[in-house]
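Student: Can you look at this prediction? I've put the sequence above it.
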Amino acid sequence: MLLRSTLSLAALASVAALLAWGCAPASPEDDQELDGEEPTEETDAPVSNGNVEQAMSSTCSTASIKPLSQQIIDEMKCMAPNQFVDVPSRPNLVMGEAVFPYLIKPARDRLVQALDANPNKTMNVASMFRTVAQQYMLRRWKEQGRCGIKAAATPGNSNHETGLAIDLSPNSSWRSALESRGYDWFGSGDPPHFDYFGPGAVSQKGLDVEAFQRLWNRNNPNDKIDEDGAWGPQTQSRIKKSPAKGFPIGATCGSDADPQPDPQDDPTPQPQGEPWSCDGSTGTTPVEGGEYVATSFGCSVLEDGTVISDPGDNCIPACFSQLKSSGVCSSSSSGATCEKQINWYAADRDRFGCGTKLRVTEPSSGKSAIVMVIDAGPACWVEETVDMGVVDLSYRATEHLFGGQVGVSEKQMVKVEVVSADTPLGPQ
Ligand SMILES: [Zn+2]
C-alpha cells in the first residue's frame, strides 16, 4: 500500500507565506482544509493557448487547462496504478464533459455499489477529481474575489485532489445510499460535497503535487525542482508557467527513456503473455494466447457516416496527451474529435501501452482490423464477469468484425496480436 506523507512543516510555512502574499486573513491554516461552495465543472470551456497564469487571469473555468490536468492525472495513475482509479460509466451516472472521473479504489468501489443498488435513481456529478493546477486557479480566484469563488483550499489541501471527494447536485436523494457506504455529507456549508471516510480511506495527499513536479522536471531538465509532493513557492512558480495545453512529454509510467511513440520504430515485439489475471483496477499483462472478449465503446463514425457519441463513455482517451504530443491528434482537438478521427482504436492501455497497434481478428469469419490503443480499461470488475481478458474496441471496429455493437455478456471472442507501428489502421 502506497502511503503519502502529510504536508511537511516547511510546506505549511510556505502556505502561510502564500496567504500573506495573497492578502488573505492571517488565520493559521490546518492541513485538513475543506473547500466551501465550489464551481461545478459542467462546462467544456475552450482550452487556453497560454500558460496556467494566463488561463487563470482570463477565464473562470478550470476546463481552460484541461489537457495539463489530464497529464497530471495520467502521471498519478502511473504512480499509484491500483489505488487511484477510473470511475466506470454506469447507466444512472451522469457527469459533465469536464468532470474528471477518478477516485481512490475503495471510494470508487462503494460509489459503484451505491449506483448499482439504486438503478432507477440518477446521480448527477458536478465535480469529482481536481488537480493541483486546478486548485491553484480556484485559490487565486478566491483571493482575487473573482469568478464567484468564496472558499477554496490551498493547493495540495483539497480532498478533491486526493480522490476522496465528490460533489453531487442535487445531493439529497443520494445521501442515505452514500452515507451507508462510508461517505460523509459535508453539510449546508457546501451542500454538494461528500467526503469518503469509509474502509481504506487513505489520503494520498500530495500525490497530485508530486505528479506535477515529475512532469515539470521531465520537460525542464535544466530547471528541476524537488519531487517531494509538497506545495510551496517552487512548485507554485512552475505551475504558473506551465502550458494549459500540457507539456510536450506527458505521463510515461516509468519509462522516461522514450515516452513518445515513434512511427519509425521497428515492429513492437509480441508480448509473451500470462494466464488471465486482473486484480487491481485494470489488467496489466497481455493474456497468453491472445484471446479476449470484445466490447464496443467510445465515440466513432460508422461506415455509413453515422456518428456514435457513446453516452456511457466520456470519449476522452486516457492517452490523449500522448496522442496530441505525438501528432496523432491535433493539439486543439477535443477527446471526442480525436477518437472519431482515429476511429479504429482500442482500450487496454495498461496491457499494451498507449499508441500500440493491434490486429484484432474474429476467428469464425477470419475478419480482422488494425486498431490503435488509446484508452484505459476495461475495469477488472468487468473482466471478472467473464473470467477472461476483455478488449474494448471502437464501434467502427466492432461494426466491421461483428456487424454492430457487442457487449461483454455476449462473449464475442477475438484474437489480439501486437503489430508494427507503421501498419495502417482500418479493416484488413
Ligand atoms: Zn466538493
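Tutor: Received the coordinates, thanks.
Student: Any idea what residue 379 is bridged to?
Tutor: Residue 379 has these beta-bridge partners by DSSP bridges: residue 282.
Student: Quick check: it touching residue 89?
Tutor: No: when contacts are counted by C-beta atoms under 8 Å, residue 379 is not listed as touching residue 89 (10.0 Å). Using the backbone N, CA and C atoms, a C-beta is placed for each residue, glycine as well.
Student: Pick out whichever of these two has more residues nearby.
Tutor: residue 379 (21 against 17; other C-beta atoms under 10 Å).
Student: Return the residues in contact with the more buried one.
Tutor: Contact partners of residue 379, counting by C-beta atoms under 8 Å, 6 or more residues apart in numbering, are 85-86, 88, 281-282.
Student: and it, how far is that from the ion?
Tutor: Counting by C-beta to the ion, to the nearest Å, the separation of residue 379 from the ion is 24 Å.
Student: Quick check, pLDDT for that residue.
Tutor: On pLDDT, residue 379 comes in at 91.
Student: just residue 45 next, same as before
Tutor: Residue 45 is assigned 73 on the pLDDT scale.
Student: Distance check, it against the ion.
Tutor: Using C-beta to the ion, residue 45 is found at 19 Å from the ion.
Student: Residue 312 now?
Tutor: On the measure of C-beta to the ion, residue 312 and the ion end up 24 Å apart.
Student: again with residue 404
Tutor: With C-beta to the ion as the criterion, residue 404 and the ion are 40 Å apart.
Student: Could you do residue 301 as well?
Tutor: Counting by C-beta to the ion - residue 301 and the ion are separated by 37 Å.
Student: Run through the residues that contact that residue.
Tutor: Here residue 301 is in contact with 307-308, 340, 343, 396 (C-beta under 8 Å, 6+ apart).
Student: Residue 55: which element?
Tutor: Using DSSP states H and E, residue 55 maps to helix 52-58.
Student: Which positions in whichever helix or strand comes after that helix come out as buried?
Tutor: For helix 52-58, the following helix or strand on the C-terminal side (DSSP H and E) is helix 66-79. If you call a residue buried by 16 or more other C-beta atoms under 10 Å, then helix 66-79 has these buried ones: 66-79.
Student: Out of these, which are close to the ion?
Tutor: Counting by C-beta under 5 Å from the ion, the subset of these that neighbours the ion is empty.
Student: helix/strand/coil for residue 190?
Tutor: Three-state call for residue 190 (DSSP: H, G, I helix; E, B strand; the rest coil): coil.
Student: Next: residue 140.
Tutor: Residue 140 is classified as helix under three-state DSSP.
Student: Quick check: the gap between the closest residue to it other than its chain neighbours and the ion.
Tutor: Leaving aside its sequence neighbours, residue 140 sits nearest to residue 56 (C-beta to C-beta, 6 or more residues apart in numbering; 5.3 Å). Distance, residue 56 to the ion, using C-beta to the ion: 20 Å.
Student: Does residue 56 touch residue 136 like I think?
Tutor: Yes: using C-beta under 8 Å, residue 56 makes contact with residue 136 at a distance of 7.4 Å.
Student: so what sits against both of these two?
Tutor: Common neighbours of residue 56 and residue 136 (C-beta under 8 Å, 6+ apart) are residue 240.
Student: hey, where'd the helices end up in the stretch 51-200 of the chain?
Tutor: Here the stretch 51-200 of the chain has its helices, by DSSP state H, counting those that start in this stretch, at 52-58, 66-79, 105-117, 132-144, 175-179.
Student: again with the stretch 301-428 of the chain
Tutor: With DSSP H, counting those that start in this stretch as the criterion, the stretch 301-428 of the chain has helices at 320-325, 335-342, 349-352, 380-384, 395-402.
Student: Now render these as TSV, adding mean neighbour count.
Tutor: Formatted as TSV, these follow (neighbours: other C-beta atoms under 10 Å):
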stretch	mean neighbour count
helix 320-325	25
helix 335-342	22
helix 349-352	22
helix 380-384	17
helix 395-402	24
